[in-house]
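*Asks:* okay, sequence plus prediction incoming.
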Amino acid sequence: MQSLYEWDFGGAKPGELEKIVERNAHEFGPGLESVEFIKKLAQGIVSKMPQIDKVIEKAAPEWPLEQITIIDRNVLRIGLYELLFANKEEVPPKVAINEAIELAKNFGGENSGKFINGVLGTVYKQIQPEEETKEATIL
C-alpha cells in the first residue's frame, strides 16, 4: 500500500512503481519473505488498473476517482485486485476485504473503513452469484 500511495502521489508514472517497491522493500522490509508477493501484487494491480478503477466508479458513483483520498483509492485497488483477479486460494475474498478494511482504518481517515467496507462489500455481493454458479457447474 505504501508503494502504491507513493506512486500515485507522485503522478503514477509508468515504470516507476517497480523502483518504488524495490526501494521500499529494501528500506522498510529487510528480511521479508514475501517480497515477490509484493512485486506480483503491485504489477497485477497496475496491469488491471483500468478495470479496477471502472469497478470503483460503478460501486461508488457519488465519489469520482480523483476525489477519493489517495489512501482509500489505493486500498480499494488492492482489495479489488485480490477480489477480482488474484488467486482465491492465496487470499480468500473475505480475507481480502478484512485486510483492506484494516488498512483503511489504520492509515485512512475517520470514515475510511466504512467506505472501503461498503465498496468492497457491494462488489463481493455482485460477484457471489457468479462464484456460486461456477462452483455448482464444477460440482
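*Replies:* Yep, that arrived. Remember, it's a predicted structure, so these values are computed and weren't measured experimentally.
*Asks:* for P93, which non-adjacent residue is closest in space?
*Replies:* Nearest residue to P93, sequence neighbours excluded (C-beta to C-beta, 6 or more residues apart in numbering): L83, at 5.5 Å. To be clear about C-beta, it is placed using only N, CA and C from the backbone, and glycine gets the same treatment.
*Asks:* center of the protein - which residue?
*Replies:* For the chain, I78 is the residue whose C-alpha lies nearest the centre (C-alpha atoms, centre = their mean; 1.0 Å).
*Asks:* low-confidence ranges, this protein, go.
*Replies:* By pLDDT under 70, the low-scoring segments of the chain are 129-139.
*Asks:* count of residues packed around E82?
*Replies:* Residues near E82, counting by other C-beta atoms under 10 Å, number 24.
*Asks:* re earlier: the residue nearest to P93: what's it in contact with?
*Replies:* 93, 96-97, 120, 123-124, 127 (C-beta atoms under 8 Å, 6 or more residues apart in numbering).
*Asks:* among those, which are in strands?
*Replies:* If you go by DSSP state E, those have nothing in strands.
*Asks:* most surrounded residue in those?
*Replies:* Using other C-beta under 10 Å as the neighbour test, those are led by L120, with 25 neighbours.
*Asks:* in this structure that one contacts I97, no?
*Replies:* Yes. Using C-beta atoms under 8 Å, L120 is in contact with I97, at 4.7 Å.
*Asks:* spell out which residues are contacts of both of those two.
*Replies:* Common neighbours of L120 and I97 (criterion: C-beta under 8 Å, 6+ apart): 79, 83.
*Asks:* okay if I get the contacts of L83 as TSV plus distance to E62?
*Replies:* Below are those laid out as TSV (distance: C-beta to C-beta, whole Å):
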residue	distance to E62
P93	24
A96	24
I97	21
L120	16
V123	16
Y124	19
I127	21
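*Asks:* closest to L17 among those residues?
*Replies:* When the contacts of L83 are ranked by distance to L17 (C-beta to C-beta), A96 comes first, at 20.0 Å.
*Asks:* which residue is the nearest non-sequential neighbour of the closest one?
*Replies:* Leaving out its chain neighbours, the residue that sits closest to A96 by C-beta to C-beta, 6+ apart is E82, at 3.6 Å.
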